[in-house]
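Participant: Quick one: sequence plus predicted model below, questions after.
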Amino acid sequence: MWNQPDLKISRSALATPSENYIFLIDLLLPKKSEVLHFLDAGGGQPERRAVVVVFYGCLEHIKEYAVGPLPNPTHHEDITLKKYKKEPPFTDRPVTTGEYALLFKFLNEKVFLKLRKVLKESFGVTHNKTLNSYESLPRGVQSGDRQTWISFFRDFSGMYIHPVGFEVLINHRSTNSSAWTVERLLYNGQYFQSVEELNKKYEAGNVNKIVYKSIPNYASLEPRVKPTGLGPQQHYIQGQRFSVKNNQVLYLDWSFAFGLSSLTGMRVFDIRFKGERIVYELSVQEAMSVYGSVAPGMLTKFLDSSIGIGRFAHELVRGIDCPYAAVYVDTFRYIDVSAAQRFRNSICIFEHDTGRPLRRHFADFFHNSYGGMPNSALVIRTITAIGNYDYLWDFIFYQSGSVEAKVHATGYISSSFKIHDSLKYGHQVAENTIGNIHTHFINFKVDLDVLGVKNVFQTKDMTFKEVPLPWLPGRKAKVPHLVEGQLKTEKEAALRYGTKTPRYLHIASNQTNRWGHQRSYRLQVVSFSGEHLPETEPEERSMSWARYKVAITKYKEEELTSSSLYSQNNMWSPAVDFSQFIEDDESIENEDLVAWVTTGFLHIPHAEDIPNTVTVGNGGGVILRPHNYFDEDPSVHSPDAAYIHPESPRSCDKNRLACLSQETCSTTLPPFTFHGFDGVMKFEN
């Protein structure tokens with residue numbers, strides 16, 4: 001792209017808004033039909049191509065190109081209109097590193113240097129001590145706006161919980177930074193039209209002044225006690241049971257490919273169990289938060305894929321972010337830089353024992369025995385630190401044939417300075433610091449192919465029905481009855497939050513198992529989400545996917561993602577409006593179906609979020625569970641299963657763990673014992 005003379009693209013990592021700049025290079029997914037033809041029918045391998053996003057500052061427009069074939073491209077094709085059916089306005093683009101550099105320069109020259117006395121007396125700012133900035137999004141209240149409220153925090157690690165009570169609204173719509181302006185200022189809950197007005201009223205004593213005082217950094221994550229020992233560690237006594245080659249993983253009966261998109265993050269493809277494809281694509285789509293505040297943060301609505309979810313997947317720490325013995329994989333990204341970057345050890349893959357059995361039974365009556373199996377599962381994980389929040393993304397593969405996509409949140413809460421009425425929007429968590437109430441919504445794409453691409457969407461639930469008791473004439477009882485249904489169109493299958501929905505949701509094939517039931521996979525959503533933004537709010541169009549717990553659509557190449565790079569900066573007329581996927585109300589009977597699953601939770605910050613939010617209870621996800629897909633639980637064929645009989649409780653033949661202590665050199669493993677049959681119930685002397 002640099003070598004195309006007509007494109008005139010800058011090579012500078014700090015290109016200004018008026019220059020032409022490559023913002024993103026990412027993998028362009030090939031058409032699904034071409035992939036399936038290659039994988040299943042011996043067809044030719046699809047051409048590997050990249051998508052390249054260029055911001056043309058000199059012309060003030062945005063273009064996206066398909067560039068290929070890789071690794072030695074020879075052509076580029078403008079795909080902007082094909083992808084979005086319109087050209088996103090130039091104001092829709094994310095702020096680049098070059099634009100941020102100009103914003104910091106503008107703040108210093110037009111705000112900090114003109115407010116020296118205010119900033120020194122209120123916040124301790126000097127020539128060698130400054131404040132850190134953090135922005136609220138979106139950048140305005142209507143399409144075309146590019147005005148950003150910037151909040152200031154103490155220059156501490158974990159600055160996000162050290163607000164100082166000072167915010168500035170900058171209009172940076174022009175590609176010429178000399179035309180940027182300060183629109184408003186907020187100081188200790190009081191608004192000002194200009195820097196000059198704040199200075200004048202401060203000098204006259206017409207403001208409620210903030211008086212600076214030094215405080216310890218309660219946001220620090222440095223240990224407060226010395227380490228006294230090492231916690232339990234996982235290791236593979238007989239070597240790992242999975243393999244990773246390039247982006248392919250094999251694990252017992254599972255196989256899949258994986259990747260990391262700079263925009264949407266982790267994704268896995270061609271998930272197969274015992275050789276049969278179950279899922280074509282399982283991927284993160286969007287992470288969204290809506291905040292409450294008495295300050296300008298009241299408008300804050302973050303759409304992280306517009307910033308880049310996968311962009312912030314950094315190196316994982318052995319023994320903390322992932323087990324010490326995990327396999328670690330590097331990733332490469334090109335987003336808002338001038339050369340591709342390598343991020344070492346940014347994905348980890350490991351098998352672990354969840355610490356609870358997958359299944360078990362102790363037979364106390366009649367035939368005494370024990371049968372059980374540890375729940376060993378494979379996890380592929382990345383962690384993305386997007387501003388203040390860290391998200392743990394897990395895809396988990398169980399030996400029962402289930403797959404789980406799970407997210408947990410940690411990191412720092414977003415906070416604001418305590419002013420009048422602040423407590424209506426959160427709890428006080430530190431001196432003058434309010435943890436602001438907010439929602440977390442996460443959207444996953446689940447492209448299930450259950451025994452092919454001709455599937456239906458079924459629901460199951462129960463109801464109590466009154467039935468007569470055959471052996472007692474005149475007596476009746478309320479008995480649970482199975483209620484089954486099949487939804488036929490996209491609108492029927494758009495299951496909204498806040499409405500009663502069936503508890504069993506299935507993508508089903510037209511094939512049956514041994515017992516005559518349609519072979520299917522169930523979507524089980526784990527979610528504690530708060531209220532979704534009302535549809536009357538104009539910004540809601542950019543996050544319309546969050547209306548639905550699950551929405552089922554017919555697969556289309558024009559409907560590959562539920563959000564877009566441009567949604568954050570134009571929430572009012574987004575490049576991708578998910579609700580339109582459903583509006584045409586196409587048939588979903590015997591079609592290639594995609595499930596869009598939304599999960600999340602409400603977060604009311606509290607004192608225990610200081611210094612850091614913990615992952616416990618802060619998460620959600622979706623579990624894909626076989627439902628009549630097999631004739632029996634497939635884990636019965638796992639080598640991990642164990643069986644104990646009273647006549648030989650320490651036999652190794654059907655319980656490898658019985659001989660573990662003798663087969664390993666570890667001095668920490670106690671010998672295997674089992675005395676469970678000593679107290680069984682007996683019905684005769």
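Facilitator: Happy to help now that I have it.
Participant: Okay, buried residues for the longest strand out of those in the chain please.
Facilitator: For the chain, the strand with the greatest residue count under DSSP state E is strand 341-363. By neighbour count with 16 or more other Cβ atoms under 10 Å, strand 341-363 contains the buried residues F343, N345, S346, I347, C348, I349, F350, E351, H352, L358. The C-beta positions use only the backbone N, C-alpha and C, and glycine is treated the same way.
Participant: Could you confirm N72 falls within a strand?
Facilitator: No. Using DSSP: H, G, I helix; E, B strand; the rest coil, the secondary structure at N72 is coil, not a strand.
Participant: hang on, the earlier thing: parallel or antiparallel, which strands does the longest strand of the chain pair with?
Facilitator: strand 327-335 (antiparallel), strand 369-386 (antiparallel) (DSSP bridges).
Participant: what pLDDT, on average, does it get?
Facilitator: Mean per-residue pLDDT for strand 341-363: 95.
Participant: what about the closest residue to T501 other than its chain neighbours, distance to S414?
Facilitator: Closest residue to T501 apart from its sequence neighbours, by Cβ to Cβ, 6 or more residues apart in numbering: L495 at 4.4 Å. Relative to S414, L495 is positioned 30 Å away (Cβ to Cβ, to the nearest Å).
Participant: hmm, back to that, Serialize the strands paired with strand 341-363 to JSON lines and add fields for mean pLDDT, distance to S579 and mean neighbour count.
Facilitator: Converted to JSON lines, those look like this (pLDDT from 0 to 100; distance: least, Cβ to Cβ, whole Å; neighbours: other Cβ atoms under 10 Å):
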{"stretch": "strand 327-335", "mean pLDDT": "96", "distance to S579": "28", "mean neighbour count": "18"}
{"stretch": "strand 369-386", "mean pLDDT": "96", "distance to S579": "25", "mean neighbour count": "20"}
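Participant: To D92, which of those strands lies closest?
Facilitator: strand 327-335 (16.4 Å; Cβ to Cβ).
Participant: contacts for that closest one?
Facilitator: 22-26, 240, 242, 244, 260, 262-263, 308, 310-311, 313, 316, 318, 322, 340-350 (Cβ atoms under 8 Å, 6 or more residues apart in numbering).
Participant: Point out where this structure drops to low pLDDT.
Facilitator: By pLDDT under 70, the low-scoring segments of the chain are 664-670, 672-677, 679-685.
Participant: All the helices of it, residue numbers only.
Facilitator: Assigned helices in the chain, in chain order: 32-41, 80-84, 97-107, 116-123, 195-203, 579-583, 660-663 (criterion: DSSP state H).
Participant: Nearest to N388 among these would be which one?
Facilitator: Nearest of these (Cβ to Cβ): helix 97-107, 16.8 Å.
Participant: which one of the strands paired with strand 341-363 lies closest to G98?
Facilitator: Nearest of the strands paired with strand 341-363 (Cβ to Cβ): strand 327-335, 13.5 Å.
Participant: what about G319, neighbour count?
Facilitator: 14 (other Cβ atoms under 10 Å).
Participant: Sorry, slip of the keys, the one I care about is F441.
Facilitator: Around F441 there are 24 residues (other Cβ under 10 Å).
Participant: wouldn't it be in contact with R547 here?
Facilitator: No. With contact defined as Cβ atoms under 8 Å, F441 does not reach R547; the gap is 10.1 Å.
Participant: Report the set of residues contacting both of those two.
Facilitator: H532.
Participant: Tell me the bridge partners for the residue nearest to T501.
Facilitator: With DSSP bridges as the criterion, L495 is bridged to V550.
Participant: Contacts only, for it.
Facilitator: By Cβ under 8 Å, 6+ apart, the contact set of L495 is T501, L505, Y548, K549, V550, A551.
Participant: Swap in 7 Å and give it another go.
Facilitator: By Cβ atoms under 7 Å, 6 or more residues apart in numbering, L495 lies in contact with T501, Y548, K549, V550, A551.
Participant: Please apply the same query to E351.
Facilitator: Q240, R241, F242, Y251, S376, A377, L378 are the contacts of E351 under Cβ under 7 Å, 6+ apart.
Participant: can you tell me which two in the residues you listed are farthest apart?
Facilitator: Q240 and A377 (13.5 Å).
Participant: Compute the distance between I507 and R522, please.
Facilitator: 8 Å.
Participant: Please identify which of these two sits among more neighbours.
Facilitator: I507 (26 against 20).
Participant: Now S214. Nearest residue, chain neighbours left out?
Facilitator: Nearest in space to S214, with sequence neighbours left out and distances taken as Cβ to Cβ, 6+ apart, is G124 at 7.3 Å.
Participant: was I right about that neighbour contacting Y212?
Facilitator: Yes. Using Cβ atoms under 7 Å, G124 is in contact with Y212, at 4.3 Å.
Participant: Could you check how far I380 is from G308?
Facilitator: 20 Å.
Participant: again, but for K120
Facilitator: Per Cβ to Cβ, K120 is found 36 Å from G308.
Participant: In terms of neighbours, single out the busier of those two.
Facilitator: Under the criterion of other Cβ under 10 Å, the comparison of K120 against G308 puts G308 first, with 24 against 14.
Participant: which residues touch the more buried one?
Facilitator: Residues near G308 by Cβ under 7 Å, 6+ apart: S262, L263, I335.
Participant: and the gap between it and Y84?
Facilitator: For G308, the distance to Y84 - Cβ to Cβ - is 18 Å.
Participant: ditto for W393
Facilitator: Note on W393: its distance to Y84, by Cβ to Cβ, is 26 Å.
Participant: what does Y555 give?
Facilitator: From Y555 to Y84 the distance is 19 Å (Cβ to Cβ).
Participant: now P69
Facilitator: In terms of Cβ to Cβ, P69 sits 24 Å off from Y84.
Participant: returning to what we had before: residues near the residue nearest to S214, how many?
Facilitator: Using other Cβ under 10 Å, G124 has 16 neighbouring residues.
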